[in-house]
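Student: Fold the following.
(one chain, ligands or ions: 1)
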Amino acid sequence: MEKEKGRLEKNKERRQKREKQKNQTMQNGKGGGGEDGGEGSPEPTTEKVTGTTRKCANCGQIGHIKTNKKCVRRSQLNSQLENLLAMASLGKD
Ligand SMILES: [Zn+2]
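Tutor: Model prediction:
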């Protein structure tokens, strides 16, 4: 009985130690590459969740990039281009 108790105590200690190590590695900010083999290391992937935080080079708005359909300037440019094309095709003859 005494032996069993000691083993349980040791197990508990070991677990706490591991827990401590986990916290330390998280504080170090290394992230990934755990010695245990990793049980799903939490990595900050907020960029993917919230879309993009980049600034558009066309209109300067944040949340999309210049190749995005959301871009206002892009649609403006497109309509301008369409107009130009229409004019060009009209004046051809
Ligand atoms: Zn834009």
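
Student: Could you use CA atoms for every contact and neighbour count after this?
Tutor: Noted.

Student: pLDDT of the longest helix seen in the chain, averaged?
Tutor: Counting residues, the longest helix in the chain under DSSP state H turns out to be helix 2-28. For helix 2-28, mean pLDDT rounds to 83.

Student: Check whether stretch 65-76 comes near the ion.
Tutor: Yes. Shown here: stretch 65-76 in contact with the ion (CA under 5 Å from the ion) through 66, 71.

Student: residues of that stretch that come out buried?
Tutor: Counting neighbours by 16 or more other CA atoms under 10 Å, one finds that the buried residues in stretch 65-76 are 65, 66, 71, 73, 74.

Student: Pick out the residue in this structure sitting closest to the ion.
Tutor: Residue of the chain nearest the ion, by CA to the ion: residue 71 (3.5 Å).

Student: my read: that residue touches residue 59, true?
Tutor: Yes. The pair residue 71 / residue 59 is scored as a contact, 7.1 Å apart, by CA atoms under 8 Å.

Student: Would you mind listing what in the protein touches the ion?
Tutor: So the chain meets the ion at 56, 58, 59, 66, 71 (CA under 5 Å from the ion).

Student: If we use 6 Å, what do you get?
Tutor: Counting by CA under 6 Å from the ion, the residues of the chain lying close to the ion are 56, 58, 59, 60, 61, 65, 66, 71, 72, 73.
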